[in-house]
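[1] what shape does this take:
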Amino acid sequence: MSDHEAECITLKRRGQEFVRRLLAGKSREERLRFWSEQTRRLRAWQQARRTGATHQDPATCLFQEDPHVEAGLLDPCEVKESDSVSHSV
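    Modelled structure (predicted):
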C-alpha cells in the first residue's frame, strides 16, 4: 500500500468517526433528519459549484453549518485514528 493510499484510509476513518460522534445517542428519526439535511446541503453546494458561486470543498461546506461544529462541541480535525473503533482494511 502506498503512502497516499494509507493517508486516504486514515482520512476516511476520521470522517467515519466524526459522523459516528455526531450521531451518537440520536434516535432513528434524528439520524434520518441529519442525513436529509446533509443531502440538502450537498445539493445546494453542487448547485453553487455549477454556477461558480463557491470554491469550498464539499466537506467544509456541509459541516460549517452543523450546530455541533458551530458550538465548538465537535471539531472534525480533532478526530484521531486512535479515537475510532478498530477497523480492518
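[2] tell me the buried residues in the helix or strand that contains residue 30?
    Element membership of residue 30 [criterion: DSSP states H and E] is helix 28-51. Neighbour counts over helix 28-51 (16 or more other C-beta atoms under 10 Å) mark 41, 45 as buried. Where you see a C-beta, it was placed from the backbone N, CA and C, and this is true even at glycine.
[3] tell me which strands and helices it is in contact with?
    helix 3-23, helix 58-64 (3 or more C-beta pairs under 8 Å, 6 or more residues apart in numbering; DSSP states H and E).
[4] is it possible to export those to CSV including mean neighbour count?
    Conversion of the helices and strands packed on helix 28-51 to CSV gives the following (neighbours: other C-beta atoms under 10 Å):
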stretch, mean neighbour count
helix 3-23, 14
helix 58-64, 15
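[5] comparing those helices, which gets the lowest mean pLDDT score?
    Looking over the helices and strands packed on helix 28-51, mean pLDDT reaches its minimum on helix 58-64, with a mean of 64.
[6] from residue 39, how far off is residue 46?
    Separation of residue 46 from residue 39 (C-beta to C-beta, to the nearest Å): 10 Å.
[7] what's the answer for residue 18, then?
    17 Å.
[8] so the helix holding residue 30 versus helix 3-23, what angle?
    Interaxial angle, helix 28-51 versus helix 3-23 (axes from the mean of the first three to the mean of the last three C-alpha atoms, to 10 degrees): 130 degrees.
[9] using PDB, write down the CA coordinates of helix 28-51.
    C-alpha atoms of helix 28-51 as PDB (Å, rounded to 0.1, in the frame of the first residue of the first chain):
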ATOM      1  CA  ARG A  28     -33.700   6.900  14.200                       C
ATOM      2  CA  GLU A  29     -35.800  10.000  13.400                       C
ATOM      3  CA  GLU A  30     -32.900  12.300  14.400                       C
ATOM      4  CA  ARG A  31     -30.500  10.300  12.200                       C
ATOM      5  CA  LEU A  32     -32.900  10.500   9.300                       C
ATOM      6  CA  ARG A  33     -33.200  14.200   9.800                       C
ATOM      7  CA  PHE A  34     -29.400  14.600   9.900                       C
ATOM      8  CA  TRP A  35     -29.000  12.700   6.600                       C
ATOM      9  CA  SER A  36     -31.800  14.600   5.000                       C
ATOM     10  CA  GLU A  37     -30.200  17.900   6.000                       C
ATOM     11  CA  GLN A  38     -26.800  16.800   4.800                       C
ATOM     12  CA  THR A  39     -28.300  15.800   1.400                       C
ATOM     13  CA  ARG A  40     -30.000  19.200   1.200                       C
ATOM     14  CA  ARG A  41     -26.700  20.900   1.900                       C
ATOM     15  CA  LEU A  42     -24.800  18.800  -0.600                       C
ATOM     16  CA  ARG A  43     -27.300  19.600  -3.300                       C
ATOM     17  CA  ALA A  44     -27.000  23.300  -2.500                       C
ATOM     18  CA  TRP A  45     -23.200  23.000  -2.700                       C
ATOM     19  CA  GLN A  46     -23.400  21.200  -6.000                       C
ATOM     20  CA  GLN A  47     -25.700  23.900  -7.500                       C
ATOM     21  CA  ALA A  48     -23.400  26.600  -6.200                       C
ATOM     22  CA  ARG A  49     -20.400  24.800  -7.600                       C
ATOM     23  CA  ARG A  50     -22.000  24.500 -11.000                       C
ATOM     24  CA  THR A  51     -22.700  28.300 -11.100                       C
END
